[in-house]
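Participant: What follows is a predicted structure for the sequence shown.
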There are 2 protein chains.
Amino acid sequence: MKLRVGVVGLGTVGRGVVKLFADSNNRLNQGLSLQAVSARDRERDRGVDLSGVRWFDDPLTLAAEPSIDVVVELIGGAEGPARRVVETALARGAHVVTANKALLALHGAALADIAEQSRAKLLFEAAVGGGVPMVKALKDSLAGCRATALAGILNGTCNYILTEMEASGRSFGEVLAEAQRFGYAEADPTMDVGGFDAAHKLAILASIAFGVRPDFEHVRVEGIERVTLTDIRLAGKLGYRIKLIAKASRTEGGVEMHVRPALLAFDHPLANVGGSLNALVVDADPVGQLTFLGRGAGEGPTAASVASDLMELAAGRAGPAFGRPLAELASAPRATPAERGRYYVRLLVADRPGVVASVSERLAHEGISIESFLQMPAPSAAAVPIVLTTQACPRAAVEKASMAIENLDVALEPPYVLPVEESGLRLVR
Amino acid sequence: MKLRVGVVGLGTVGRGVVKLFADSNNRLNQGLSLQAVSARDRERDRGVDLSGVRWFDDPLTLAAEPSIDVVVELIGGAEGPARRVVETALARGAHVVTANKALLALHGAALADIAEQSRAKLLFEAAVGGGVPMVKALKDSLAGCRATALAGILNGTCNYILTEMEASGRSFGEVLAEAQRFGYAEADPTMDVGGFDAAHKLAILASIAFGVRPDFEHVRVEGIERVTLTDIRLAGKLGYRIKLIAKASRTEGGVEMHVRPALLAFDHPLANVGGSLNALVVDADPVGQLTFLGRGAGEGPTAASVASDLMELAAGRAGPAFGRPLAELASAPRATPAERGRYYVRLLVADRPGVVASVSERLAHEGISIESFLQMPAPSAAAVPIVLTTQACPRAAVEKASMAIENLDVALEPPYVLPVEESGLRLVR
């Protein structure tokens, strides 16, 4: 008996899934059969043959249809139809495969609960890392290990923008506009460039890695909107590349999660992950550090992840949604350890004698030593960009010094502070 | 009912597995229980407490013991006790978890057959890539994909030697001797430095990736014994690093597999995999290129892979040994396509006028153009090392030119030819 599959949402990924079923040699067809689809516009040409497949105008009707064993939810969004489709399907005991990271990050525990009660399975390899099997790696391969930290490049749009800015010397705004024209970035880019998409994914991965409930609210999020070409160039001269890093650590106090731009030395394991690639580095005992890398989005990679979940269902091999039964997932306290590390500080100051002395004095007052210092050729004679990196110091000290510098007469804009990400994944504290 | 586990072989990995069971917080203990061990010397202090565990002097008696549900075979070797232990356990319906790549590469299909007949499971994540979940990635994550090529660094000893030669400027012999002193290399290093260990692992990975029977006999194997410090230095000056690459490709004619040292440009995805790390790059449709990286050997990483297999058994989630039932594994014809690519050629010639002209002429005669050319400061006035890289040409042409050069009066040793590995994984042909 083949599992009967219904696909809800025929955008890029949905089309990719339908194409995989259309290939009669694909092993998907051994254990599963595509029976139904639902999307907004029946008339639209999607370049795939849907003639043998039942069409549903209403995704909820498909989700409730008793002859469908597996609902593939590819609508997206944490609320609205996507959430209702997943809840409806799970509640009646149908399995759900989804690529919906926002839904899982915000309502993952509640959905896993519905699934457990009706003995349905909830799988979501495609929600994180596109084609890179991050979810399965954490669930299965690290099952006998204790994960201590994970760090990743989880948003292809941000990584593409930062990579392109460096490669082409164009501004954030120019590259973003181009990415929007090409369809790599949404019309409203906030979810991506604001770091929220990466934060959704991080909350899901941390849940599986550390055995805690997904807890998006506790991810500290900072986007890449303030990263300038000057930052990228000067960081490069100092031996660093700027990346949006999503990172979670298990500490004595609980779990700490953040998404933020950071400076990575060129030999950091994530520094050379370019373009729209995604990568995850995991530290676990006793396996050590593992790295997973591949294409983080797009029709083929994401459909392949949906397919691997479907194959797992067909083989009767799917386990609990977040790797262990909900009752075993802890509610980890939010850890906000006192951070310590090296920092990058970018200043825009008036070109006057004594400026460097004033800045240095404010840093010294907080006990901060300067590691390196660079002055950029000034775009105008009156305003001089300066960047510096500090030696290791408490984050609080850098923030206090920043405020003092901001209050100087010569400061023309608030200092911009980025952390330097060290190669070891353990939380800098 | 917990699965009752017996571990056969208490070397590095066996000790690591026992340690994992000794940690009462480890999830292994939820579904499994360590009941028995067998090793050669009962008196030896292994730094683990074996007091609650039944001791077997004879591994075969343990393998045949009906109260043991899972036999973990960590003896090693393609024949002898290891093979008999695995056969005995599988034949009576006990599951087997093993790290034995030689056994699987040579007898994998026969063992999978025994397992299928008795409905036992045969798992071997630890046999390939140490702690890197290469086997599970190919079995599970690529289940809906069509793999076209894979390339890896699969032998940590070779990679360590090549990395150390480059870093320290010492010879192959010196670094090998040191590795042997530190226990990184066996007293008889042939399996490692001769490329056979990597070839065993490649045969296993290719079987899973391409859905064919493991076929070690058809791997073309060349070791790193002839790689000199001169090669490493001159390749470096030309922008390349020398690595032992294991590579398998699906071609129209069948499956092509080889292990050999090759030149990788510094930006090749495998060029920066240093020391004892292992890595695998897979090309598959539609997921694209995936990379997996981590520690390729040692107590912790390998024990972690054994543990992930044990957890899979405990969850009742294990599938067929090579990812699909034996009847579905094809016997792929061996493909030996006409190779084409760029080549590195190292010569040792007498320091006489006209030498370069003679060499160039032999290459030109086979239609080979020179891409780059370097002459090394001569260790003796009479013998000058020369290296060159060719433009793309048929391998056969390089071999013919090599023979012609070898016959020149001025040639002091046979030319040493290494391929340049291009970044795309598709077979160079």
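Facilitator: That came through, no problem. What you see is a predicted model, and the numbers here were worked out from it, not measured in a lab. Numbers count the residues shown, from 1 in each chain, chains lettered A, B, ... in the order given.

Participant: which stretches of the stretch 151-300 of chain A form strands?
Facilitator: A:219-221, A:240-251, A:254-265, A:277-285, A:288-295 (DSSP state E, counting those that start in this stretch).

Participant: how about JSON lines for those strands, with distance to chain B, mean pLDDT and mean neighbour count added?
Facilitator: Every C-beta, even on glycine, is put in place using the N, C-alpha and C of the backbone. Listed next are the strands of the stretch 151-300 of chain A as JSON lines, based on distance: least, C-beta to the nearest C-beta, whole Å; pLDDT from 0 to 100; neighbours: other C-beta atoms under 10 Å in any protein chain shown:
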{"stretch": "strand A:219-221", "distance to chain B": "25", "mean pLDDT": "96", "mean neighbour count": "19"}
{"stretch": "strand A:240-251", "distance to chain B": "13", "mean pLDDT": "96", "mean neighbour count": "24"}
{"stretch": "strand A:254-265", "distance to chain B": "13", "mean pLDDT": "96", "mean neighbour count": "23"}
{"stretch": "strand A:277-285", "distance to chain B": "7", "mean pLDDT": "96", "mean neighbour count": "24"}
{"stretch": "strand A:288-295", "distance to chain B": "4", "mean pLDDT": "95", "mean neighbour count": "24"}
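
Participant: got the ones you listed as a markdown table, with distance to A:Pro377 columns?
Facilitator: Below are these laid out as a markdown table (distance: least, C-beta to C-beta, whole Å):
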| stretch | distance to A:Pro377 |
| --- | --- |
| strand A:219-221 | 34 |
| strand A:240-251 | 20 |
| strand A:254-265 | 21 |
| strand A:277-285 | 33 |
| strand A:288-295 | 36 |
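
Participant: Let me know which of those strands is the nearest to B:Ala382.
Facilitator: With C-beta to C-beta, the closest approach to B:Ala382 among the strands of the stretch 151-300 of chain A belongs to strand A:254-265: 45.9 Å.

Participant: then that closest one to CSV, C-alphas only?
Facilitator: Only the C-alpha atoms of strand A:254-265 are listed here, as CSV (Å, rounded to 0.1, in the frame of the first residue of the first chain):
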residue,chain,number,x,y,z
GLY,A,254,20.4,27.2,29.8
VAL,A,255,20.5,27.8,26.1
GLU,A,256,21.8,30.9,24.5
MET,A,257,20.8,31.7,20.9
HIS,A,258,21.6,34.7,18.7
VAL,A,259,21.6,35.7,15.1
ARG,A,260,23.9,38.6,14.2
PRO,A,261,26.5,39.8,11.7
ALA,A,262,30.0,39.1,12.9
LEU,A,263,33.6,39.2,11.7
LEU,A,264,35.1,35.8,10.9
ALA,A,265,38.9,35.3,10.3
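
Participant: how about the helices in the stretch 201-350 of chain A?
Facilitator: A:229-237, A:299-314 (DSSP state H, counting those that start in this stretch).

Participant: most tightly surrounded among those?
Facilitator: Mean neighbours per residue, mean count of other C-beta atoms under 10 Å in any protein chain shown, is largest over the helices of the stretch 201-350 of chain A for helix A:299-314, with a mean of 26.

Participant: List every C-alpha atom in that one, with coordinates, as PDB.
Facilitator: What follows is helix A:299-314, C-alpha atoms only, in PDB (Å, rounded to 0.1, in the frame of the first residue of the first chain):
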ATOM      1  CA  GLU A 299      13.500  24.300  -6.200                       C
ATOM      2  CA  GLY A 300      15.900  21.300  -6.400                       C
ATOM      3  CA  PRO A 301      17.600  21.300  -3.000                       C
ATOM      4  CA  THR A 302      14.400  22.000  -1.000                       C
ATOM      5  CA  ALA A 303      12.300  19.500  -3.000                       C
ATOM      6  CA  ALA A 304      15.100  16.900  -2.300                       C
ATOM      7  CA  SER A 305      14.700  17.500   1.400                       C
ATOM      8  CA  VAL A 306      10.900  17.100   1.100                       C
ATOM      9  CA  ALA A 307      11.600  13.900  -0.800                       C
ATOM     10  CA  SER A 308      13.900  12.500   1.900                       C
ATOM     11  CA  ASP A 309      11.200  13.100   4.500                       C
ATOM     12  CA  LEU A 310       8.600  11.300   2.300                       C
ATOM     13  CA  MET A 311      10.900   8.400   1.900                       C
ATOM     14  CA  GLU A 312      11.300   8.200   5.600                       C
ATOM     15  CA  LEU A 313       7.600   8.000   6.000                       C
ATOM     16  CA  ALA A 314       7.200   5.400   3.300                       C
END
